[in-house]
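Engineer: any chance you could fold what I've pasted below:
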Amino acid sequence: MKITKHILGIIFLLLSLSVWAQDLSDINKSKPFKMSGNISLGSFLYNANGIDARQQPYGYSLGANLNFNIYGVSVPFYASFNEQGSAFQHPFNRYGISPRYKWAKAHIGWRSMSMSQFSLSNTTFLGVGLELTPNKLRFGIMYGKLKQSAAMQNINYDRPQFERKAMAVKIGYGTRKSYIDFIVFKAKDDTTSLAAPDSILNELPANENFVLGIKNQITMLKDKLIFSFDASFSAFSHDIRYSDIQVFEETKYDWTKVIYNPNISSSFNYAGETSLTYRQSLFSIGGKYRRVMPDFKTLGSEYILSDLEAITVNPSVNLLKGKAVLSGSVGTQRNNLDGSRTSTNQRMISSINLSLNPSPYYGIMFGYSNYTFQQQVVIDSLYNDSMVVNQLSQNYNVVPRLTLMKDNYVHNLILTVNYQVLNDQNDVTADLQSNTMLLGNLMYSITLKKMALSLRAGATYFNFKSGLINIDRMGVNIGASKKFLKNKLRTSATISFNKQDETYSNSTFFTSNIGLNYQVFKKTSIGLQFYFNNINSTRRTYSEQRVQFRVSQGF
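Structural biologist: Just a heads-up that it's a prediction; the model follows:
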């Protein structure tokens, strides 16, 4: 608790110094207070026929997205509240502010910060943070909760969980183009934060994580050559309640347990990525190497794919004075970096894209990618028996576009066609694994400026074939939007119909949406939306209706 108070005190002291250390000679010329943004209040009614309701029959929401400017200090504020049915005693509320003044920025409440992709990477926390960038100094610090404790009866969480606290510090030097940062991240679950039976508590993992990271970028040759490096070492305990590991015999090193206390559930891994890119006006070429060891984890990132090594090269060239761009990529990926798996996957990755834009009014894009997937599965290690899986995935796409513009109207026509083939090279599994997929989408729209009217229509086709399944889906959709009463009243409507034939069932989908929005005053508006969908299939038939009302006040 004392540590928390000290951290909060340091953050607010640094924030105060950063604000008042500025040149305030022009403060009298600035408006003392300005506010922008909006506040909205909404409610909805919901009904379902033929299925169990997927929402409450009634609900409301209140949201605020505001920015306060006080003598040049920007203080953004966001808050949202919503309620569903009888769950009034458990509202889901989040709010926070991030005031900024020149090179100082603070975070208070529900916020997110990013220091590197392998340490703290835009994970939402409830707490405080500070970022300072005077001259070439790069400093950041945060402290807060990554998770709140939740009991089984809490409707906002799928399962019970411990409270998780975290702290991160970044110290660096440089500019936006060339810099070096050192990062320390620590997170730990609090096993005393949740009151529940032992049978439940013992099933919940209590994690602890300590990460050391370094992030570097160097820009050379007048911004033509860019080198980047990002790596982290992570110590991760899957459950802090396991028996400790005695790292140091002497008691004088016991202070290290405050930083991280390893036990028999702990693992130590690293992850890194480096790239080198050379750019000129007519061409560019870059290479990237990424390696994430098995079981690498950081509690500061929502998800990182581990057990991966990837090498890619990405060339690009501009032709016809920039009207044509040819780019591509080639590389390899593999897993089982430590040899602990019974199977090893290897992939060859290659792609090429051509974009032709002879005119702002028409153009076309071609793309092709080729992915080779190889896997060797060990069946019996005693007799050295194994099975090889070899699959080839190819992807073709073409996207032509056309735009016609006149003083009174604008026509847009775009076609998207995508074709994928998965070819299993193994004779044993080819009939089950091989498949093809075709997707086509045609969209047309016209805008009549004088009439303040927009019309659009589209058609889609989808087909998937494999040894066991055949899916055919066709659909059409139309929509329109129109402004009335000197553009104060905006109306919109969309209707879509889809028919799907599968190997064992058939279905039809009908959806409609009607929206009205009226601007009562310059920054005050009210909106009404009607939504209806109906699904009729050989398995079941049901429909849903939803009406939503919203009032918005801008500033």
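
Engineer: so Ser116, which state does it fall into?
Structural biologist: Assigned with DSSP: H, G, I helix; E, B strand; the rest coil, Ser116 falls in the coil class.

Engineer: right, and it touches Phe229 too?
Structural biologist: No. Taking contacts as CB atoms under 8 Å, Ser116 lies outside contact range of Phe229: 10.4 Å. Where C-beta positions appear, they are placed from N, C-alpha and C, glycine not excepted.

Engineer: tell me which of the two has more neighbours.
Structural biologist: With neighbours defined as other CB atoms under 10 Å, Ser116 and Phe229 compare such that Ser116 has more, 24 against 15.

Engineer: now that one: how far from Ile97?
Structural biologist: Ser116 sits 25 Å away from Ile97, going by CB to CB, to the nearest Å.

Engineer: quick one: the helices in the protein?
Structural biologist: 2-20, 198-201, 256-259, 430-433 (DSSP state H).

Engineer: worst mean pLDDT among those helices?
Structural biologist: Among the helices of the chain, helix 2-20 carries the lowest mean pLDDT, a mean of 44.

Engineer: give the contact list for Tyr419.
Structural biologist: Asn395, Tyr396, Asn397, Thr436, Met437, Leu438, Leu439 (CB atoms under 8 Å, 6 or more residues apart in numbering).

Engineer: thinking again about what came up before, so what sits against both of Ser116 and Phe229?
Structural biologist: With CB under 8 Å, 6+ apart as the test, Ser116 and Phe229 both reach Lys215.

Engineer: now the two most distant members of the contacts of Tyr419.
Structural biologist: Asn397 and Thr436 (14.2 Å; CB to CB).

Engineer: where does pLDDT dip in the chain?
Structural biologist: 1-30, 72-74, 83-95, 152-158, 197-200, 246-257, 373-391, 424-433 (pLDDT under 70).

Engineer: so where do the strands sit in the stretch 151-300 of the chain?
Structural biologist: 163-174, 179-190, 208-220, 225-237, 266-279, 283-292 (DSSP state E, counting those that start in this stretch).

Engineer: quick one: which of those strands is nearest Lys523?
Structural biologist: strand 163-174 (39.1 Å).

Engineer: show me what that closest one is packed up against.
Structural biologist: Applying 3 or more CB pairs under 8 Å, 6 or more residues apart in numbering; DSSP states H and E, one finds that strand 163-174 contacts strand 137-147, strand 179-190.

Engineer: possible to save those as a markdown table with distance to Asn336 and mean neighbour count?
Structural biologist: Shown next, in a markdown table, are these (distance: least, CB to CB, whole Å; neighbours: other CB atoms under 10 Å):
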| stretch | distance to Asn336 | mean neighbour count |
| --- | --- | --- |
| strand 137-147 | 31 | 20 |
| strand 179-190 | 28 | 20 |
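
Engineer: as a markdown table, the ones you listed with distance to Asn67 would be great.
Structural biologist: A markdown table is the format used below for the helices and strands packed on strand 163-174 (distance: least, CB to CB, whole Å):
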| stretch | distance to Asn67 |
| --- | --- |
| strand 137-147 | 22 |
| strand 179-190 | 28 |
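
Engineer: among those, which is nearest Asn463?
Structural biologist: Among those, strand 137-147 sits nearest to Asn463 (CB to CB), with 43.7 Å.

Engineer: now for the closest one, which elements pack on it?
Structural biologist: Other helices and strands packing on strand 137-147, by 3+ CB pairs under 8 Å, 6+ apart, are helix 2-20, strand 104-114, strand 121-132, strand 163-174, strand 179-190.

Engineer: that strand: partners in the sheet, and parallel or antiparallel?
Structural biologist: For strand 137-147, the paired strands and their directions (DSSP bridges) are strand 121-132 (antiparallel), strand 163-174 (antiparallel).

Engineer: can you put the ones you listed in a markdown table and add distance to Ser61?
Structural biologist: A markdown table is the format used below for these (distance: least, CB to CB, whole Å):
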| stretch | distance to Ser61 |
| --- | --- |
| strand 121-132 | 19 |
| strand 163-174 | 27 |
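
Engineer: may I see those organised as TSV, with mean neighbour count added?
Structural biologist: Below are the strands paired with strand 137-147 laid out as TSV (neighbours: other CB atoms under 10 Å):
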stretch	mean neighbour count
strand 121-132	20
strand 163-174	19
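
Engineer: quick one: closest of the ones you listed to Ala79.
Structural biologist: strand 121-132 (13.1 Å).

Engineer: contacts for that closest one?
Structural biologist: The contact list for strand 121-132, computed with CB under 8 Å, 6+ apart, reads 7-8, 11, 14-15, 18, 103-115, 139-146, 148, 166, 298-302.

Engineer: now list the buried members of these.
Structural biologist: Listed as buried from the contacts of strand 121-132 are 7, 11, 14-15, 18, 104-111, 113, 115, 139-146, 166, 298-301; burial here means 16 or more other CB atoms under 10 Å.

Engineer: residues contacting Asp244?
Structural biologist: Asn261, Pro262, Asn263.

Engineer: pretty sure the first one sits against Phe210.
Structural biologist: No. Applying CB under 8 Å, one finds Asn261 not in contact with Phe210, separated by 9.3 Å.

Engineer: circling back: which one of the helices and strands packed on strand 137-147 lies closest to Ala457?
Structural biologist: strand 121-132 (38.8 Å).

Engineer: strand 104-114 and that closest one, what's the angle between them?
Structural biologist: Taking axes from the mean of the first three to the mean of the last three CA atoms, to 10 degrees, one finds strand 121-132 and strand 104-114 inclined to each other by 160 degrees.

Engineer: strand 121-132 to strand 179-190, inter-axis angle?
Structural biologist: Using the same axes, to 10 degrees, strand 121-132 lies at 120 degrees relative to strand 179-190.

Engineer: what's near enough to touch the nearest residue to Val421 once chain neighbours are set aside?
Structural biologist: Nearest-residue entry for Val421: Gln394, 4.8 Å, with adjacent residues in sequence omitted and distances by CB to CB, 6 or more residues apart in numbering. By CB under 8 Å, 6+ apart, the contact set of Gln394 is Tyr368, Ser369, Asn370, Tyr371, Gln420, Val421, Asn423.

Engineer: take the residues you listed and lay them out in CSV including distance to Arg291.
Structural biologist: As requested, the contacts of Gln394 are exported to CSV (distance: CB to CB, whole Å):
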residue, distance to Arg291
Tyr368, 28
Ser369, 23
Asn370, 23
Tyr371, 20
Gln420, 29
Val421, 31
Asn423, 29
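
Engineer: please name the bridge partners of the nearest residue to Gln217 once chain neighbours are set aside.
Structural biologist: Take Gln217 and drop its neighbours on the chain: the residue closest to it by CB to CB, 6+ apart is Ser228, 4.6 Å away. Assessed by DSSP bridges, Ser228 has beta-bridge partners Gln217, Ser275.

Engineer: please shift the residue numbers so they start at 805 in all later answers.
Structural biologist: Right, with 805 as the first residue, what we last looked at is Ser1032.

Engineer: and Ser1032, how many neighbours?
Structural biologist: Ser1032 has 15 neighbours, counted by other CB under 10 Å.

Engineer: any figure for the gap between it and Met1024?
Structural biologist: 12 Å.

Engineer: for Met1255, same thing?
Structural biologist: 56 Å.

Engineer: and for Thr937?
Structural biologist: 22 Å.

Engineer: if I pick Gly846, what's in contact with it?
Structural biologist: Tyr864, Ser865, Leu866, Gln1352, Phe1353, Arg1354, Val1355.

Engineer: since we're on the fourth one, how many residues are nearby?
Structural biologist: Think Gln1352. The burial count assigned to Gln1352 is 17, neighbours taken as other CB under 10 Å.

Engineer: so what sits opposite it in the bridge?
Structural biologist: Bridge pairing for Gln1352 - DSSP bridges - gives Phe848, Gln1333.

Engineer: isn't it right up against Phe848?
Structural biologist: Yes. Assessed by CB under 8 Å, Gln1352 is found in contact with Phe848 at 4.3 Å.

Engineer: which strand residues bridge Ser1147?
Structural biologist: Beta-bridge partners for Ser1147, by DSSP bridges, are Val1181.

Engineer: my guess is it contacts Arg1138. True?
Structural biologist: No. With contacts counted by CB under 8 Å, Ser1147 stays clear of Arg1138, the gap being 11.4 Å.
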